[in-house]
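Undergrad: here's a sequence, model it:
(2 chains)
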Amino acid sequence: MAEKTLKLEIVTPEKSVVSENARIVMAPAVLGEFGVLPGHTPFMTNLKMGTVRFVDQDGKERMVFVSGGFAEALPTKVTILAESAERRREIDVTRAKAALERAEKRLASEERENIDFVRARAALARAILRIRLAETPRI
Amino acid sequence: MATLKEVKLKIAAVKKTKQITKAMNMVAASRLRSAQMRMEGFRPYAAKFEEVLGSLAQSSGDADNPLLVPRAAIKKANILLCTSDRGLCGGFNANLIDKAEELAKALTARGIEVVFTAFGKKGRDFLRREKLTMVAQHIGVIGGSIGFNIAATTGREMVTRFLESAYDEVYIVYAEFISLSKQLPVAKQLLPIPPLVLEETRVADEETAYLPEHICEPSPEELLGEILPKSVDIQIYRALLETSASEHGARMLAMDNATKACNDMIGNLTLAYNKARQSTITAELMDIVGGAEALKG
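TA: Numbering: from 1, shown residues only, chains lettered A, B, ... in the order given. Prediction:
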């Protein structure tokens, strides 16, 4: 194939989630979403929670949930270090829904400014994003 | 001299002990395998993280991140002591505790107040027994399936406390898994983060060697500020994984030795049993022969 590709690696402390070639990678940086094509100049940024999208070798769009982390782009590869990451098809929707419920309950009962409150809010955001991603129709 | 019955009971008892030690050995072996798998799973992340940290350190130069700067006056230090929850693993916990004591002594000699954070029951029990200050304890982590979040929570806590100057230095004592038969107790400084030692192997990476420095968003200093606390989490996570694997390795070896000792004991006891039986038979024979002779008269 003539088209150039990037080597995309998404790794978490527990395992390596994605390791394949991509034509383009889009990731949610803290300062806004960015895209990387092959030949990108070395670039580094921190990521917020969200969805990494990439187009694989066969032109299919893939989506991966990441809970924040770091991304490094080099001309031939992109490395994403995330605390947790899941491919769309691997998202456990029932678990995410349970987490959503738990977080909502805690948010209703906890004091604001409380550590648990902050944590619950993060958990809520994670759950919502996971569910939304899992339910996104394939393009 | 023990009677026949006593020896027989003893043999049965040792045999049962052997069954247990053998089973524990096999359980430890399978746990070790899963612990090693977790370590394998973590390796790519750790390697990549080091890479990213390395290139970041290059492009940000000598940024004075507060996590990197040693304190002028050190008043208080926290030692994270990793041990196992359960015993029967030879000198494993004793070695770790020795290492921690040694470190604590060295620190106290410098006039530093030392507090501990215990990972694992054995370490906690030791701290209680010695009436040492323990600020937190985490039981049921080491030896099981360790989640990254426990390391992340502890790491965050340590970094916050360090920045508040509640602690001036943070150490971790854990067992490095070298091989099945060798686990090395190690004391490592977590905070302030020791100067970054860049891996020599990076030089060989020709593809990236000529590249311009990274563009960073936000600035390299800010990024470093984000990534450094994470490196503490990673150190802690690695220490927990290493200690877990080491615990199972140590237990496997201890149980293997115990099983061998049981075999020896069973052998010796069986020998003693047979001898005792033989001598009773001889004695009985003598009696019968003696009786017969007497009847002949």
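Undergrad: quick check: can you list the domain ranges of chain A?
TA: Split into domains by automatic domain parsing, chain A comes to A:6-88, A:91-135.
Undergrad: the first one: how far from the chain's middle?
TA: By that I understand domain A:6-88. The gap between the average C-alpha position of domain A:6-88 and the chain average comes to 8 Å, counting by Cα atoms, centre = their mean, to the nearest Å.
Undergrad: now the shortest one
TA: For domain A:91-135, the distance from its own C-alpha centre to the chain's C-alpha centre is 16 Å (Cα atoms, centre = their mean).
Undergrad: where does A:V18 sit: helix, strand or coil?
TA: Following DSSP: H, G, I helix; E, B strand; the rest coil, we place A:V18 in the strand state.
Undergrad: before we move on, back to that, how about JSON lines for the domains of chain A, with mean neighbour count and mean pLDDT added?
TA: Quick note: C-beta positions are derived from backbone N, CA and C, even for glycine. Converted to JSON lines, the domains of chain A look like this (neighbours: other Cβ atoms under 10 Å in any protein chain shown; pLDDT from 0 to 100):
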{"stretch": "domain A:6-88", "mean neighbour count": "19", "mean pLDDT": "90"}
{"stretch": "domain A:91-135", "mean neighbour count": "15", "mean pLDDT": "80"}
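Undergrad: between those domains, which one is nearest to B:K275?
TA: Between B:K275 and the domains of chain A, the shortest gap by Cβ to Cβ is with domain A:6-88, which sits at 58.7 Å.
Undergrad: still on that earlier bit, turn the domains of chain A into CSV, columns for distance to chain B.
TA: As requested, the domains of chain A are arranged in CSV below (distance: least, Cβ to the nearest Cβ, whole Å):
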stretch, distance to chain B
domain A:6-88, 4
domain A:91-135, 10
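Undergrad: show me the strands in chain A, by range?
TA: Assigned strands in chain A, in chain order: A:6-11, A:16-29, A:32-36, A:43-56, A:61-73, A:77-82, A:85-87 (criterion: DSSP state E).
Undergrad: actually the stretch 1-150 of chain B, sorry about that
TA: B:76-82, B:113-119, B:134-138 (DSSP state E, counting those that start in this stretch).
Undergrad: chain A is nearest to which of these?
TA: Each of the strands of the stretch 1-150 of chain B was checked against chain A via Cβ to the nearest Cβ, and the shortest separation belongs to strand B:134-138, namely 14.9 Å.
Undergrad: sheet-wise, list the partners of the closest one with their directions.
TA: In the sheet containing strand B:134-138, the strands it pairs with under DSSP bridges are strand B:113-119 (parallel).
Undergrad: and the strands in the stretch 151-297 of chain B, which stretches?
TA: Counting by DSSP E, counting those that start in this stretch, the strands of the stretch 151-297 of chain B are B:169-179, B:182-191, B:215-217.
Undergrad: distance to A:D92, mean neighbour count and mean pLDDT added to those strands, as TSV?
TA: Shown next, in TSV, are those (distance: least, Cβ to Cβ, whole Å; neighbours: other Cβ atoms under 10 Å in any protein chain shown; pLDDT from 0 to 100):
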stretch	distance to A:D92	mean neighbour count	mean pLDDT
strand B:169-179	31	22	92
strand B:182-191	33	19	91
strand B:215-217	32	17	76
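Undergrad: who does residue 81 form a beta bridge with?
TA: In the absence of a named chain, chain A is used. The residues listed as beta-bridge partners of A:L81 by DSSP bridges are A:V11, A:F70.
Undergrad: could you do chain B instead?
TA: Beta-bridge pairing of B:L81, defined through DSSP bridges, involves B:A118, B:V173.
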